[in-house]
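Trainee: the following comprises the amino acid sequence and a computationally predicted model.
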Amino acid sequence: PKVIKLSEYKKPDYLVETIDLVLHLDNTKTLVQSTMKIKRNTDEVTPLILNGEELVLKSIKLNNETYTDYVHSTENHSLTLNKVPAEFTLMIENEINPEANKTLDGLYKSGTIFCTQNEPEGFRRITFYVDRPDNMAKFTTKIVADKKLYPILLSNGNPIARGDLEGGKHFVTWEDPFKKPAYLYALVAGDLGVIKDTFKTKSGRNVALEIYCDKGNENKCHHAMESLKKSMKWDEDRFGLEYDLDIYMIVAVDAFNMGAMENKGLNIFNSAYVLADQKSATDTNFYGIESVIGHEYFHNWTGNRITCRDWFQLTLKEGLTVFRDQEFSADMNSRSVERIQSVMGLRAAQFAEDAGPTSHPIKPATYMEINNFYTATIYEKGAEVIRMIQTLLGVDGFRKGMDKYFELFDGQAVRTEDFIHAMSVANNNFDFTQFKNWYGQNGTPLLKATSKYDEAAKRFTLTLTQTLPANAPKDAKAYHMPVRVGLIDSTGKDIASKVLELKETTQDFVFENITSKPIASVNREFSAPVKLTTDLTFDEQLFLMAHDSDSFNRFEAAQVVSTKLILDLIEDAKAKRTFELNSKYVEAFGKILADNTIDEAFKALSMSIPGEGVLHQEQAEIAYPETEAVRTFVKKTLATAHQDTLVKLYKSIEQKEYKLDPKSMGQRDLKNKCLDLLSYVEGGKYNSLAFDHFKAATNMTDEIGALTTIVHANSVHKDEALKAFYDKWKHETLVMQKWLTVQASASDESTYDAILKLEKDAVYDRTIPNLVRALLGQFVATNKVQFNHPSGRGYKLIADRLLELDKLNPQVASRLASGFKDFKRTPKVLQDLMRPELERIIKTDGLSKNVYEIVSKILG
Ligand code: DPP
Ligand code: ZN
């Protein structure tokens, strides 16, 4: 497959000014009629090359005359019109087959609903087009469909005409007044349920809000609607950004590759990020819905009004919009909980990606398949880079930069450099020259902090040293990083607090008038996305764990301590030494449990034992079973030592009514964490506690929390609980996804057979990405021990399924392929089992470029 390079960017030869579409919807033969006003965009006379995939060409007319001087290459996915004038009208008719489209890209059917997904390159599967984001056109759409089957017909913008047609058909015409790239185009048709509301903007306009779903699910859309209204208000308050159309629609569908899509005025969502009620959705689901509704809404300005010049700029809109949704979540919930969760997510997914074979900068220079770049790096690391800009400029300076960005670039398709330019000119020409290294260099930088205290001079010196990671590019340069630092005295009080700007490889930062030896709390709020090491002693870390005023670093201290202990124990396990958990740590853990001044949410987070994925990152050769065994041992030791406290804590939390505020969510999390930890106590002593919790649950957070504990502990109640849950929920696919996940992530030997059986269950359907991700995706991502089973059966199973799926949906297949990313750090005996599977995949005829790109990088 061809490698696309940023350095080879050329502006389009032709631009589409307006496109009027008529779609005659039909399951297998949808007729698309497109009329475009096109203008040459260069001085040279060149052929017009349109993108088009899986399209049946019917006719071409240029300025109303039949046109024949063209080449339609189905292999190159292109339609070349050899000679065209400088300005003309082009009419193309083509046919598509939505029902056969299992890629879920372009126009397809999710159940009985027609819907679209056009980012990044789906529109070319609807009709022939200059399908690139720097081609921005005005769209109108007339949708024609059977009135009974498809009473609701939606597209971008505002409806301008509707009426009945013969043969039981009807039509609606939509006009989007804003120019946009084709990736933001959307169409939906179906017999849908809807809830409606309105939002009054700050300038007093009333916007109609509509959320569509399968009939019967309307009552599960209210949280999404509340989240939408909060998002609209928040963007006005924080960034002065007001919604710009008279109607905002969201449609929930079950078959969707991504989480959601920000199509102008007509978002299409994976139903997992819309539908929720107390009984069927967890607190995590509710939180995720608020965040994704916000994310897609915020794209209206950062993504839609100002879009990307080309796909190498993806982080321009994604990094910025993730940063915006994180800030929104922080303001709606608990800022410290939000920050801790975001960083945990970054570490688990992005740090792992950035250290592996598919490591790439937030602004990549090349790609084969752009769909492979909707990654944790582009999104989450991209958001960290934006956050650093805000830290450097301050919240007000950042806001000025955002205002400047819209002033300069509204209505345009731009580059990350343009964003930085706006930030700079709005802030006295702040110098971002070195900061830009964050955009072009891959790998997680290492930061070392050491300190000296001169008692006589009352001077504290903090030395910060940055090291580039082993996989950084050869010509990589030092980063400009904001490091937020606090100095704490022996009573736990902050005596200094500031943001240091590290630009050199090593820099000394001197604090004067420090009257007693302080402890430095470095990289507070995780101000730079780096791997930090310090010269703090174990006792000093425990001190931070108890006293740091920065809640992120208080959490972090516990993680640093436990990570170090666990990694040492893994070495013991590998050498078959007996292991013992440091008693000071056990004691400190108990203190946190018993401390009534710590709020529940923070306490629950502090109980997190570093995940397997994070621990694997620290191992040159990954010890799968030992890592798991040590984690289990640590949990068992902590649980056994503190079982009385845990039981007391568990019982002390009583919720009279179900509420969704941060406090109540924190309480449920803490209760479930206690339950989970207690399940590690020898002899199944707390099995019945978990089973009672399961049976008494009145919300999904408790119900699935208990089920997970029961299944993962291999409790005597496992089969009964799984069956009861299935019988109760088998008609709700979103809940069945949780049921599959619980089983796929259970680390015992029986899971492999369970998966084979679950694949045959009526609730499973491999054409629905959520279900594949819930079962196979979870197995690969979270069940490290069983995926890396010494027999090699885990590898073979996933390779088989991946190849089957690649024929249907390459995007889903390619995500599964990245599950093999630790290949090079897997012990040799396992590599010998993994390699033939990877080779079998890459040698398969007709393999998608999606999978090819990932697997070729893994094999190196
Ligand atoms: N829909 C995806 C997102 O919002 C891609 N733009 O991130
Ligand atoms: Zn996005």
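Mentor: Thanks, I have it. Ligands and ions are numbered 1, 2, ... in the order given.
Trainee: ok, and the closest non-adjacent residue to whichever residue of the stretch 501-650 of the chain sits closest to ligand 2?
Mentor: Closest contact between the stretch 501-650 of the chain and ligand 2, by C-beta to the ion, is at residue 529 (18.8 Å). Backbone N, C-alpha and C define where each C-beta goes, glycine included. In space, and not counting its chain neighbours, residue 529 is closest to residue 384: 4.0 Å by C-beta to C-beta, 6 or more residues apart in numbering.
Trainee: what's the helix or strand for that neighbour?
Mentor: helix 382-409 (DSSP states H and E).
Trainee: so for that helix, what gets flagged as buried?
Mentor: Residues 382-393, 397-402, 404-406, 408-409 are the ones in helix 382-409 that count as buried (16 or more other C-beta atoms under 10 Å).
Trainee: what's the burial count for the closest residue to residue 787 other than its chain neighbours?
Mentor: In space, and not counting its chain neighbours, residue 787 is closest to residue 794: 4.1 Å by C-beta to C-beta, 6+ apart. Using other C-beta atoms under 10 Å, residue 794 is surrounded by 26 other residues.
Trainee: where does residue 794 land in three-state SS?
Mentor: Classification of residue 794 using DSSP: H, G, I helix; E, B strand; the rest coil returns helix.
Trainee: what separation do you get for it and residue 843?
Mentor: Per C-beta to C-beta, to the nearest Å, residue 794 is found 20 Å from residue 843.
Trainee: state which one residue of the chain is found closest to ligand 1.
Mentor: Residue nearest to ligand 1 within the chain: residue 261 (4.0 Å; C-beta to the nearest ligand atom).
Trainee: before we move on, which element is the closest residue in space to that residue that isn't next to it in sequence in?
Mentor: Excluding the flanking residues, the one nearest residue 261 by C-beta to C-beta, 6+ apart is residue 268, at 5.0 Å. Assigned by DSSP H and E, residue 268 belongs to strand 266-270.
Trainee: any residues touching the very next helix or strand once past that strand, and which ones?
Mentor: Sequence-wise, the next helix or strand downstream of strand 266-270 (DSSP H and E) is helix 283-298. Helix 283-298 is contacted from outside by 223-224, 227-228, 230-232, 234-235, 248, 250, 259-262, 267, 269, 272-274, 276, 281, 321-322, 324-326, 328-329, 332-333, 660, 665, 668-669, 700-701, using C-beta atoms under 8 Å, 6 or more residues apart in numbering.
Trainee: at 6 Å what do you get?
Mentor: Helix 283-298 is contacted by residues 223-224, 227-228, 231, 259-260, 262, 267, 273, 276, 321, 324-325, 328-329, 660, 665, 668, 701 when judged by C-beta atoms under 6 Å, 6 or more residues apart in numbering.
Trainee: which bits of the stretch 251-400 of the chain sit near ligand 1?
Mentor: For the stretch 251-400 of the chain, the residues in contact with ligand 1 (C-beta under 6 Å from any ligand atom) are 258, 260, 261, 262, 295, 296, 299, 318.
Trainee: now check the helix holding residue 384, is it near ligand 2?
Mentor: No - using C-beta under 5 Å from the ion, helix 382-409 never reaches ligand 2; the gap is at least 10.0 Å.
Trainee: now the element after that helix, going C-ward?
Mentor: Next along from helix 382-409, by DSSP H and E: strand 413-414.
Trainee: please tell me how far that following strand is from the chain's geometric centre.
Mentor: Put simply, strand 413-414 sits 23 Å off its chain's centre (C-alpha atoms, centre = their mean, to the nearest Å).
Trainee: same question for stretch 757-772.
Mentor: Taking C-alpha atoms, centre = their mean, one finds stretch 757-772 lying 22 Å from the centre of the chain it belongs to.
Trainee: ligand 1 contacts on the protein?
Mentor: Residues of the chain lying close to ligand 1 by C-beta under 6 Å from any ligand atom are 119, 258, 260, 261, 262, 295, 296, 299, 318.
Trainee: can I get those in CSV including pLDDT?
Mentor: Formatted as CSV, the residues of the chain next to ligand 1 follow (pLDDT from 0 to 100):
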residue, pLDDT
119, 98
258, 98
260, 98
261, 98
262, 99
295, 99
296, 99
299, 99
318, 99
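Trainee: can you give me the helices in the stretch 351-500 of the chain?
Mentor: Here the stretch 351-500 of the chain has its helices, by DSSP state H, counting those that start in this stretch, at 352-355, 376, 382-409, 416-425, 437-440.
Trainee: closest one to residue 618 among the ones you listed?
Mentor: Of all the helices of the stretch 351-500 of the chain, helix 352-355 sits nearest to residue 618, with 10.0 Å by C-beta to C-beta.
Trainee: may I have that closest one exported as CSV, CA atoms only?
Mentor: Extracted C-alpha coordinates of helix 352-355, given in CSV (Å, rounded to 0.1, in the frame of the first residue of the first chain):
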residue,chain,number,x,y,z
ALA,A,352,1.9,2.1,25.9
GLU,A,353,1.2,3.1,22.3
ASP,A,354,4.0,5.6,22.3
ALA,A,355,6.5,3.1,23.5
